[in-house]
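A.B. asks: Got a predicted model here, sequence first, then my questions.
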Amino acid sequence: MLLAIETSCDETGVALFSEDGKLISHLLYSQVAIHLPFGGIVPEIASRKQLEVLYPLVKELLTQNHTEISQIKAVAATFGPGLIGSLLVGVSLAKAISFALKIPLIAVDHLQAHLLAVFLEKEIEFPFIGLLVSGGHTALFLVKSFSEFYVIGHTKDDAAGEAFDKVAKLLGLPYPGGPIISKLAEKGDPTAVYLPRPLLEDKSLDFSFSGLKTAVLNYIKNHSYRVEDLCAGFEEAVCDVLVYKTFRAVEVLKVPKVVVAGGVAANKRLRQRFREKAFNTGVEIYFPSLEFCTDNAAMVGLLGYKQWQEKNYADLNTEAYARAVFKKLSIP
Ligand code: KG4
Ligand code: ZN
């Protein structure tokens, strides 16, 4: 079996995969309640909690599945990008298990794992355009195989999820902002509050969300509004930009297949808007189911398993990394 570990941020995830690559079981511990009073994630608290939770969670996973640690034949962990203190907890445990059991250590990239999470439920043929929209990242990729990822556009400032979180904070709503804004937006009129669509005129496949957050701040200061309408107007602006840029990538690269992944891919309105556009243009569209959009170890295990098969191993000197490492592809 393969053991997979995810500790890149405030979620502790562990997963078991069978030797033929099937997800057996996964567990997730979320720290959301702990960070709630601070209105966002406090990195030092996140890493200390990871340290407290991870090993007991691994033991629980093994117990629940009547598995001895000696049955683990490979161990995969998220090595980055993410909060370095949190990452180090998962990476260190994976290294210790690999060293003690003399089994392969596999370094998984968190962003690549998000982009492939959809394979937990469906086999899709490559290549596809991957839109990764999470709390830490917003980027468009050309994904050519389980090991070939090229960035074709990315955010110049805030990530889409970060914009949801910051707007929620401006409105006095709890962290994380995405789910609560989405819920309020359902009761709002998306045309009542018009906000800018950053970089929509720009020919690049890059994004920018910090101006949108400032526009929300100015709107709050200068207008009276229903919070539901403001949430709907904001969500619609984010959706417009994400849909437009992704389908521009489809056109430019002539790849009529899209995967949307990451925490923001859980957004109902976003899924609906992408489905409508895909239907109208004859493009295939895929999303992971909700539990695999946000951080989890199942997606880490899926990619870890592929790397295991390819003997793509890390060694004990391989370091965790906080920032994303991208292979860029210039587009016309
Ligand atoms: O992928 P993820 O769990 O963690 C990172 O790798 O960042 O994404 C978390 C982000 C948060 O910013 C959260 O507000 C956003 O995903 N999110 C959503 C929704 N659910 C989570 N954003 C919009 N709508 C949602 N339903
Ligand atoms: Zn993530």
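C.D. replies: It's in. Residues are numbered from 1 along each chain as shown. Ligands and ions are numbered 1, 2, ... in the order given.
A.B. asks: so the residue nearest to Gly304 when sequence neighbours are not counted, which of the three states?
C.D. replies: Leaving aside its chain neighbours, Gly304 sits nearest to Ala76 (2.6 Å; criterion: C-beta to C-beta, 6 or more residues apart in numbering). All C-beta spots, glycine's among them, are computed from the backbone N, C-alpha and C. With DSSP: H, G, I helix; E, B strand; the rest coil as the basis, Ala76 sits in strand.
A.B. asks: thinking Ala76 is in contact with Glu6, fair?
C.D. replies: No. Between Ala76 and Glu6 there is no contact under C-beta atoms under 8 Å: 9.4 Å.
A.B. asks: Give the residues shared as contacts by those two.
C.D. replies: Taking C-beta atoms under 8 Å, 6 or more residues apart in numbering as the criterion, Ala76 and Glu6 both touch Val300.
A.B. asks: does the residue of the stretch 201-332 of the chain found nearest ligand 2 sit in a helix, a strand or a coil?
C.D. replies: The stretch 201-332 of the chain approaches ligand 2 most closely through Asp295 (4.4 Å), counting by C-beta to the ion. Here Asp295 is recorded as coil under three-state DSSP.
A.B. asks: Could you tell me which residues make contact with it?
C.D. replies: Glu6, Ser8, Cys9, Glu11, Gly13, Leu28, His110, Gly263.
A.B. asks: Over to Phe234?
C.D. replies: Taking C-beta under 8 Å, 6+ apart, we find Phe234 in contact with Val167, Ile181, Ala185, Val193, Leu195, Leu212, Val216.
A.B. asks: just those residues now: which is nearest Leu93?
C.D. replies: Of all the contacts of Phe234, Leu93 sits closest to Ile181, with 34.7 Å by C-beta to C-beta.
A.B. asks: Which of the contacts of Phe234 fall within strands?
C.D. replies: Among those, no member falls in strands (criterion: DSSP state E).
A.B. asks: can you tell if the lowest-mean-pLDDT helix or strand in the chain touches ligand 1?
C.D. replies: Lowest by mean pLDDT, DSSP states H and E among the helices and strands of the chain is helix 32-35, with a mean of 94. No. Contact of helix 32-35 with ligand 1 (C-beta under 6 Å from any ligand atom) is absent, the minimum separation being 9.9 Å.
A.B. asks: Please work out which residues outside the helix or strand following that helix touch it.
C.D. replies: Reading on from helix 32-35 to the C-terminus, the next helix or strand found by DSSP states H and E is helix 43-64. The contact list for helix 43-64, computed with C-beta under 8 Å, 6+ apart, reads 3, 5, 7, 9-10, 12, 14-16, 25-27, 29, 31, 34-35, 38, 67-69, 83, 85-86, 88-90, 93.
A.B. asks: Going by neighbour count, list what's buried in helix 43-64.
C.D. replies: Buried residues in helix 43-64, defined by neighbour count with 16 or more other C-beta atoms under 10 Å: Pro43, Ala46, Ser47, Lys49, Gln50, Leu51, Val53, Leu54, Leu57, Val58, Leu61, Leu62.
A.B. asks: Could you identify the most distant pair in these?
C.D. replies: Of all pairs drawn from the buried residues of helix 43-64, the greatest distance, 28.7 Å, lies between Pro43 and Leu62 (C-beta to C-beta).
A.B. asks: give me every residue that touches the residue nearest to Val167 when sequence neighbours are not counted.
C.D. replies: Spatially, and ignoring its direct neighbours in sequence, Val167 is nearest to Val216 (5.1 Å; C-beta to C-beta, 6+ apart). Applying C-beta under 8 Å, 6+ apart to Val216 gives the contacts Val167, Leu170, Leu195, Leu230, Phe234.
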